[in-house]
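S.K.: quick check, what structure comes out for this input:
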Amino acid sequence: MIKENSGIRKTDVINRRMFIIGAAKIIIFTGIIARLFSLQVNENKKYLTLSDKNRIREWKLPPTRGDIVDYFGNVIAGNLKVYQLHIIPEQVENFNYLISRLKILLNLSDKKIDKIVKLKNKLNPWESIIVSENLSWSDFLKINNFLYDLVGVKPVMTISRNYPFSDVYTHILGYVSQPNEEEILANEIVQERFVPGMKIGKLGLEKTLENYLIGSNAIQRYEVNAYGKRINQLEHQKGNQGLRIRLTVDTEIQKACGKLLNDRAGSISVMDIYTGDVIAMYSSPSYDPNKFLFGISSFCYLLICAITSYLRQITLSHKFINDWLSFIVTVLLINSIQVIILDLIFLYQVDYMNYLINAGFTFLFYPLFFLLFNILNSQISIKKNA
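M.R.: Sure thing, here's the model as predicted:
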């Protein structure tokens, strides 16, 4: 009798335990099913979007600026096709052979080759190395003719700003260049649309009308792998070009004003007496804004420094020796800063020997220019007194 009761109690205990375990299994299984249903059905769009973000990446391209035209519709600030040369390291079979071929075809210096090698070591294998930002048409054709032998080389055509009348409209239009951090933060539109390679107005109407001239970014969508490498281009969405701005100036009258000044210091403004429209506004001396698009050479830079220093000599009449010595110190200091910025930060090719030669010649020719300016100044004074 006792044995039967103990057997019944054991059976009841086992049954209760099995019921509890079974109920727990059902609860856990139901929870898993509910969670899967929530993920797959209720939150399907959310996780599908997150998955696409990991699989699909967007790249914004620099916006295309709008044209500026004169009263008769002539483009005075437009866009020009620019040819560039890129290298994709992961597609290169023999990097040393490729570099040697490019060195011969494009006459690349040893310093430029060293910078390309440094960039290759810094960047990921699938990221492009920009060998040249402004290839000439002849070099671009040469690269395309030998493209079968240049595995990993990619000729690229892009858009850059162009001023067809060079120095005629310099003081009206200004010029464009890459923005610094302060300029990006100061303009919300620039901040929103900024991408590497984008250029904004630095002076004149290019700066004043920036929000109207700047276009919208073109967008490229790529499928990428887990490392961020582009696998396949899925979509290319074209951006909108900036607005077309029409001015009241007349190009022929603007050119005539330049001829009247004939490289003499001064300015001419021509206005319509009935409407107040500005027909021409020319200032001399002037400069070619196209040279600022890809940077100016060291010789042009030193020439600008020399001319400004000479003009300062005329206007302020410093003592010759003091100004001579302070001038060379200033030139060397400015050149040193420029070399540090171009060479170390932007990895531009800088010829140090040309800097030293230009600075030396500028220093030696300073007395000659000083004498010529004094003679010219005295002749002008005599004519005024007469």
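S.K.: now do the SS call for the residue nearest to S128 when sequence neighbours are not counted.
M.R.: If the residues on either side of it in the chain are set aside, S128 comes closest to H86, at 4.2 Å by C-beta to C-beta, 6 or more residues apart in numbering. Heads up, the C-betas are built off the backbone N, CA and C, glycines and all. Counting by DSSP: H, G, I helix; E, B strand; the rest coil, the backbone at H86 sits in strand.
S.K.: how far away is H86 from G31?
M.R.: Applying C-beta to C-beta, to the nearest Å, one obtains 54 Å for the distance of H86 from G31.
S.K.: those two: who's more crowded?
M.R.: Set side by side, H86 and G31 show more neighbours around H86, with 15 against 10, by other C-beta atoms under 10 Å.
S.K.: show me what the more buried one is bridged to.
M.R.: Counting by DSSP bridges, H86 forms beta bridges with I130, K154.
S.K.: oh, and call the first residue 57 from now on, that's how I've got it
M.R.: All set: I'll call the first residue 57, so the last point we hit is now H142.
S.K.: residue ranges of the strands in this protein, please?
M.R.: Assignment of strands within the chain using DSSP state E yields the ranges 112-116, 124-125, 131-143, 185-191, 209-218, 232-233, 256-257, 275-280, 286-293, 301-302, 322-327, 334-340.
S.K.: so which elements touch the longest one?
M.R.: Using 3 or more C-beta pairs under 8 Å, 6 or more residues apart in numbering; DSSP states H and E as the contact definition, the elements that strand 131-143 packs against are strand 124-125, helix 151-162, strand 185-191, helix 193-201, strand 209-218.
S.K.: please repeat the previous calculation with a cut-off of 6 Å.
M.R.: Counting contacts by 3 or more C-beta pairs under 6 Å, 6 or more residues apart in numbering; DSSP states H and E, strand 131-143 packs against strand 124-125, strand 185-191, strand 209-218.
S.K.: quick one: the longest one to helix 151-162, angle?
M.R.: What it means is strand 209-218. Strand 209-218 runs at 40 degrees relative to helix 151-162, counting by axes from the mean of the first three to the mean of the last three C-alpha atoms, to 10 degrees.
S.K.: equivalent analysis for the second one, please.
M.R.: What separates the directions of strand 185-191 and helix 151-162 is an angle of 10 degrees, with the same axes, to 10 degrees.
S.K.: list of residues touching strand 185-191?
M.R.: With C-beta atoms under 6 Å, 6 or more residues apart in numbering as the test, strand 185-191 has contacts from 138-143, 175, 350.
S.K.: dump the C-alpha coordinates for stretch 262-270 into PDB.
M.R.: Once non-C-alpha atoms are left out, stretch 262-270 reads as follows in PDB (Å, rounded to 0.1, in the frame of the first residue of the first chain):
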ATOM      1  CA  GLU A 262      31.100  85.000 -57.700                       C
ATOM      2  CA  LYS A 263      31.000  85.500 -54.000                       C
ATOM      3  CA  THR A 264      28.100  87.800 -53.700                       C
ATOM      4  CA  LEU A 265      25.800  85.600 -55.900                       C
ATOM      5  CA  GLU A 266      27.100  82.300 -54.500                       C
ATOM      6  CA  ASN A 267      23.700  81.100 -53.300                       C
ATOM      7  CA  TYR A 268      22.200  81.600 -56.800                       C
ATOM      8  CA  LEU A 269      25.200  80.300 -58.800                       C
ATOM      9  CA  ILE A 270      25.800  77.200 -56.800                       C
END
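S.K.: who touches it?
M.R.: With C-beta under 6 Å, 6+ apart as the contact definition, stretch 262-270 has outside contacts at 119, 121-122, 229-230, 232, 245, 256-257, 298-299, 301.
S.K.: would you mark the buried spots in that stretch?
M.R.: Applying a neighbour-count criterion of 16 or more other C-beta atoms under 10 Å, the buried positions in stretch 262-270 are 262-263, 265-266, 269-270.
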